[in-house]
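J.: Build me a model:
(2 chains)
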2 protein chains.
Amino acid sequence: MDFEVDLDFGDDGLVPVVAQDVDTEEVVMVAYANRDAVEATVETGRAHYYSRSREERWEKGATSGHTQAVAEVRVDCDGDALLYRVDQTGGACHTGYHSCFYRTLDGDVVGEQVLTRTTCTDPGGRPAGGSRQRQKAYPAERPPVM
Amino acid sequence: MDFEVDLDFGDDGLVPVVAQDVDTEEVVMVAYANRDAVEATVETGRAHYYSRSREERWEKGATSGHTQAVAEVRVDCDGDALLYRVDQTGGACHTGYHSCFYRTLDGDVVGEQVLTRTTCTDPGGRPAGGSRQRQKAYPAERPPVM
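T.: Numbers count the residues shown, from 1 in each chain, chains lettered A, B, ... in the order given. Prediction:
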């Protein structure tokens, strides 16, 4: 698939992707995509990413149901970062918050909790909290590779 | 400097940073930061990043004047991505657009051009367009390292 705008996937074949809710304008997550994931996103209209730890493409919400319908894909000035403008079903974050960016650096909770349990959208494919215990409490969409 | 929320800078010592305009809610750029850049951002209230190509910290707008006053720094669920909530002076993008994400993947221009010439906020420190010619036409904040 050729895109009208050239993308620069760099040495690792990946670009960072920001997902932004089209209704609330919240930045809900950051993840990565390879060309295959971007093509799948365009073809299906649903957000796909690439897990660096599992080394495979994944579809947001494929197992949790918390999918992202992609209204538009935007490209930055030098073609090495993407913005998915999404309609987020449920919450984007495994913690139950609408956005993964629900805390400030000072630890203040500023996000809205919309679910009690959902699925993490870890940009690196690493489990949130970095522990298997946490994953047991809040299952990931796919079993993490530690 | 200790933060209330643990940050995971990964193997390369970096986290991706999304800059979002607090007034328009636009995602204006994506770049990277190391711990030093995050600390400088918190200490000064102005957005600092890390250039992977130049291998040094840089302050957004230091030479162009198109600074980002940081109202809030948010952290994602697993501490390996940041969101700078900023008051953007001028445009974030060297192309003169308010946001670096001014195009769709189909090549449609959806962003607002606010300046005729400003400074690129390339996440990798790579010049937009990947050419020295482009850099001559639209000078970067600092000379790029190709």
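J.: For the helix or strand encompassing A:A19, the averaged confidence score.
T.: When elements are defined using DSSP states H and E, A:A19 is found to belong to strand A:15-21. The predicted model assigns strand A:15-21 a mean pLDDT of 98.
J.: Next, the angle from it to strand B:15-21.
T.: 40 degrees (axes from the mean of the first three to the mean of the last three Cα atoms, to 10 degrees).
J.: Return strand A:15-21 as CSV; C-alpha atoms alone will do.
T.: Only the C-alpha atoms of strand A:15-21 are listed here, as CSV (Å, rounded to 0.1, in the frame of the first residue of the first chain):
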residue,chain,number,x,y,z
VAL,A,15,7.0,5.1,14.3
PRO,A,16,5.4,6.4,17.5
VAL,A,17,1.7,6.8,17.3
VAL,A,18,-0.4,9.1,19.4
ALA,A,19,-4.1,8.1,19.8
GLN,A,20,-6.4,11.1,20.4
ASP,A,21,-10.1,10.8,21.2
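J.: residues contacting A:R57?
T.: Going by Cβ atoms under 8 Å, 6 or more residues apart in numbering or on different chains, A:R57 touches A:N34, A:D36, A:A37, A:A40, A:H48, A:Y49, A:Y50, A:S51. Backbone N, C-alpha and C define where each C-beta goes, glycine included.
J.: does it sit in a helix, a strand or a coil?
T.: Using DSSP: H, G, I helix; E, B strand; the rest coil, the structure places A:R57 in strand.
J.: And A:D78, by the same measure?
T.: Classification of A:D78 by three-state DSSP places it in coil.
J.: From B:C100, how far off is it?
T.: 8 Å (Cβ to Cβ, to the nearest Å).
J.: Measure how buried A:L115 is and give me the count.
T.: Neighbours of A:L115 under the rule other Cβ atoms under 10 Å in any protein chain shown: 17.
J.: Now A:V86: which helix or strand?
T.: strand A:82-88.
J.: For A:E26, which non-adjacent residue is spatially closest?
T.: A:S99 (4.9 Å; Cβ to Cβ, 6 or more residues apart in numbering or on different chains).
J.: So for A:D78 and B:C100, which residue has more residues nearby?
T.: Between A:D78 and B:C100, B:C100 has the larger neighbour count (other Cβ under 10 Å), namely 31 against 24.
J.: residue contacts, the more buried one?
T.: A:D76, A:C77, A:D78, A:A81, B:V28, B:M29, B:V30, B:A92, B:C93, B:C120, B:T121.
J.: Out of those, who's the most crowded?
T.: Ranked by neighbours (other Cβ under 10 Å), these are led by B:A92, which has 35 neighbours.
J.: Any chance of the backbone angles for that one?
T.: When read as degrees, to the nearest 10, the backbone of B:A92 gives phi -80, psi -20.
J.: And the nearest residue to it once chain neighbours are set aside, which helix or strand is it part of?
T.: The shortest distance from B:A92 to any non-neighbouring residue, by Cβ to Cβ, 6+ apart, is to B:V28 (3.8 Å). B:V28 belongs to strand B:27-33 when assigned by DSSP H and E.
J.: A:A40 now?
T.: Secondary structure (DSSP H and E) places A:A40 in helix A:35-44.
J.: residues in contact with whichever helix or strand comes after that helix?
T.: Where DSSP H and E defines the elements, the next helix or strand beyond helix A:35-44 is strand A:48-51. Outside strand A:48-51, the residues within contact range by Cβ under 8 Å, 6+ apart are A:14, A:17, A:31-34, A:36-38, A:40-41, A:56-60, A:121, A:124-125, A:142.
J.: Buried subset of the residues you listed, written for ChimeraX?
T.: The buried residues among the contacts of strand A:48-51 can be selected in ChimeraX (16 or more other Cβ atoms under 10 Å in any protein chain shown) with this line:
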select /A:14,17,31,32,33,34,37,38,40,41,57,58,59,60,121,124,125
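J.: re earlier: give me the distance between the residue nearest to B:A92 and A:N34.
T.: Relative to A:N34, and taking Cβ to Cβ, B:V28 is found at 25 Å.
J.: where does chain A dip in pLDDT?
T.: For chain A, the stretches with pLDDT under 70 are A:117-146.
J.: What residues are bridge-paired with A:A19?
T.: According to DSSP bridges, the residues that bridge with A:A19 are A:M29, A:Y84.
J.: list the contacts for it?
T.: With contact taken as Cβ under 8 Å, 6+ apart, A:A19 is in contact with A:27-31, A:47, A:60, A:68, A:83-84, A:86, A:88, A:92, A:121.
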